[in-house]
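Novice: sequence and computational prediction follow.
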Amino acid sequence: MQSPFKQDALKGRVALVTGGSSGIGFEITRQLGLHGASVVITGRRKEVLDTAVAALRAEGIAAAGLQGDVRSAEACAEWVANTVRMFGGLHILVNCAAGNFLANAAELSQGGFRTVMEIDAVGTFTMSKAAFGALSEARGAVIINISATLHYGATWYQVHASAAKAAVDSVTRSLALEWGESSIRVVGVAPGPIAGTAGLSKLAPGEGGRSMEEVVRASVPLGRLGEKGDIALACVFLASGAARYITGETLVVDGGAWLHRPQLVPREMVTAVSRGVESKSRGVGVAARGGGGGGGGGAARSKL
């Protein structure tokens with residue numbers, strides 16, 4: 001995917017991305033780096049972190065990896081301190097660490113519900129709070145919270161993740177309100193179905209003999225799955241000066257998927273009925289104009 005932004009759009013900026021070693025998080029990190037930022041990624045698995053950092057450095061990106069769990073306030077504080085020590089500051093925080101799985105609400109354990117809430121919602125708050133001091137010193141910093149569209153109505157077998165992402169959106173708005181006076185913008189990105197991600201393969205199984213991608217594509221108005229680059233470039237925009245007056249907002253990047261409703265009436269049937277109504281309406285108008293006096297008007301009204 002070719003970027004529409006200048007390569008130095010984020011030059012001199014330092015970004016910390018939780019969950020940045022794989023999937024959407026890695027591509028967000030990569031694009032921030034390709035546009036000039038120094039990047040730090042976090043995650044629980046050292047081997048995955050090391051592989052991701054090596055890949056970023058191979059593209060000329062100044063990158064480092066820090067191991068730990070976003071559910072730990074101590075780990076979050078250490079990540080911020082190490083980022084500032086290595087790169088001299090912190091300007092961009094992307095809260096991308098998340099957990100999810102399909103679960104029937106009647107069978108979902110309290111522990112399973114709590115785990116997703118702690119990673120997504122509590123983790124987003126904990127990481128943001130840990131970064132507040134460094135972001136305040138940066139003047140003009142931004143927090144980008146990766147959300148979802150699951151809770152815009154309701155989503156089958158996603159009560160835990162829907163609750164967590166609804167909380168993330170609320171955190172985005174509340175922090176934007178409180179931290180604006182510290183020149184910190186707080187925004188969100190809500191991805192739709194993205195090709196090549198574990199989330200899509202786990203959360204959107206195929207049905208009726210159709211592949212998972214066919215099922216999902218049929219519910220996206222733009223008629224295609226998104227790419228990881230679509231989310232990453234949205235983050236580049238929100239982190240750039242082009243979005244300097246945007247805060248408290250969550251940008252939906254889903255091809256219109258959350259707007260989708262089943263097409264209950266075939267398009268050709270709607271067209272035929274509509275033409276018939278328009279034709280009848282034009283006939284009434286002609287009769288009304290041609291009737292002249294009161295008698296003609298009465299005839300026109302009787303047709304209505």
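Specialist: Looks like it arrived, so ask away.

Novice: who are the contact partners of residue 53?
Specialist: Residues near residue 53 by Cβ atoms under 8 Å, 6 or more residues apart in numbering: 41, 63-65. Quick note: C-beta positions are derived from backbone N, CA and C, even for glycine.

Novice: pretty sure residue 260 sits against residue 217.
Specialist: No: no contact is recorded between residue 260 and residue 217 when judged using Cβ atoms under 8 Å, the distance being 11.0 Å.

Novice: okay, those two: which has more neighbours?
Specialist: Applying other Cβ atoms under 10 Å to residue 260 and residue 217 shows that residue 217 carries more neighbours, namely 18 against 14.

Novice: surely residue 14 and residue 85 touch.
Specialist: No: between residue 14 and residue 85 there is no contact under Cβ under 8 Å: 11.1 Å.

Novice: more neighbours: these two, which one.
Specialist: Set side by side, residue 14 and residue 85 give different neighbour counts by other Cβ under 10 Å, the larger being at residue 14 (24 against 8).

Novice: what about residue 185, which SS state?
Specialist: Here residue 185 is recorded as strand under DSSP: H, G, I helix; E, B strand; the rest coil.

Novice: so what's it bridging to?
Specialist: Here residue 185 sits in beta bridges with residue 142, as judged by DSSP bridges.

Novice: pLDDT below threshold where in the stretch 51-200 of the chain?
Specialist: Along the stretch 51-200 of the chain, the model assigns pLDDT under 70 to residues 200.

Novice: show me where it has its helices.
Specialist: Per DSSP state H, counting those that start in this stretch, the stretch 51-200 of the chain carries helices over the ranges 73-87, 110-117, 123-138, 159-179, 198-203.

Novice: any idea which of these gets closest to residue 248?
Specialist: Of all the helices of the stretch 51-200 of the chain, the one in closest proximity to residue 248, counting by Cβ to Cβ, is helix 159-179 (3.4 Å).

Novice: give me the contact list for that closest one.
Specialist: So helix 159-179 is in contact with 95, 98, 100, 103, 105, 108, 112-113, 116-117, 119-121, 124-125, 128, 132, 136, 143, 145-148, 150-151, 154-155, 184-188, 190, 247-250, going by Cβ under 8 Å, 6+ apart.

Novice: kindly supply the PyMOL command isolating those of those residues that are buried.
Specialist: The following PyMOL selection, which keeps only the buried ones among those, applies the criterion 16 or more other Cβ atoms under 10 Å:
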select buried, resi 95+98+100+103+108+113+116+117+119+120+121+124+125+128+132+143+145+146+147+148+150+151+155+184+185+186+187+188+190+247+248+249+250
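
Novice: nearest residue to residue 48 in space, ignoring adjacent ones along the chain?
Specialist: Using Cβ to Cβ, 6 or more residues apart in numbering and skipping the chain neighbours, the partner closest in space to residue 48 is residue 21 (4.8 Å).

Novice: whoops, I mixed them up, residue 44
Specialist: According to Cβ to Cβ, 6+ apart, the nearest residue to residue 44 is residue 69 (5.6 Å).

Novice: likewise for residue 71?
Specialist: For residue 71, the nearest residue in space outside its immediate sequence neighbours is residue 118; the separation is 5.1 Å by Cβ to Cβ, 6+ apart.
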